[in-house]
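Trainee: everything below, folded, please.
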Amino acid sequence: MWCEIFSETSIVVEREGETVGFISGFINPNTPNTLFIWQVAVHESQRGKGLGTRMLFELLNRKFCKDVQYVEATVSPSNIPSQHLFLGLAEKLETNCVMANYFLSIDFPRTGHEDEQLYKIGPIQEENKQLKG
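Mentor: Alright, predicted model coming up:
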């Protein structure tokens, strides 16, 4: 269902018949200039090769995302790879990354869930939506 309803803001990468990357995202009707990234998955064989970044740039360059000026995602403190992904995206887009508390662990009683920080990347200039190098 997700890939049908949100196909324009999600991506699957296959290599040799195996799924090696996936991003699910959506554009909130209340903030049509913002692409919210819900999930990022990169197969361990592809980690550290820039696949996550390439998938994000692919999404940003889709016609459906032409009005996107911001990327948002929530990241837990222990998720160092996602922190690097989104901080690196901001750097490659030559823009800001502002982090703020979004959900606190107390919002998830009895689950042991970590805090979730909101990463807000932007504003994104159209000329920076091409991955360099």
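Trainee: now do residue 81 against residue 53, distance only.
Mentor: 12 Å (CB to CB, to the nearest Å). C-beta coordinates here come from the backbone N, C-alpha and C atoms, glycine included.
Trainee: residues in contact with stretch 61-70?
Mentor: Outside stretch 61-70, the residues that touch it by CB atoms under 8 Å, 6 or more residues apart in numbering are 8-9, 27, 31-35, 59-60, 120-124, 129-130.
Trainee: the more surrounded of residue 81 and residue 53?
Mentor: Of the pair residue 81 and residue 53, residue 53 is the one with more neighbours under other CB atoms under 10 Å, namely 16 against 13.
Trainee: am I right that the more buried one is in a strand?
Mentor: No. Assigned with DSSP: H, G, I helix; E, B strand; the rest coil, residue 53 falls outside any strand and is helix.
Trainee: and it, how far is that from residue 79?
Mentor: On the measure of CB to CB, residue 53 and residue 79 end up 16 Å apart.
Trainee: for residue 5, same thing?
Mentor: 26 Å.
Trainee: in terms of packing, which of those two has more residues around it?
Mentor: residue 79 (16 against 10).
Trainee: that one and residue 73, how far apart?
Mentor: Distance from residue 79 to residue 73, by CB to CB: 10 Å.
Trainee: check contacts around the nearest residue to residue 20 once chain neighbours are set aside.
Mentor: Nearest residue to residue 20, sequence neighbours excluded (CB to CB, 6 or more residues apart in numbering): residue 43, at 4.1 Å. Going by CB under 8 Å, 6+ apart, residue 43 touches 18-21.
Trainee: top of those by number of neighbours, please.
Mentor: Of the contacts of residue 43, with other CB under 10 Å as the count, residue 21 tops at 20 neighbours.
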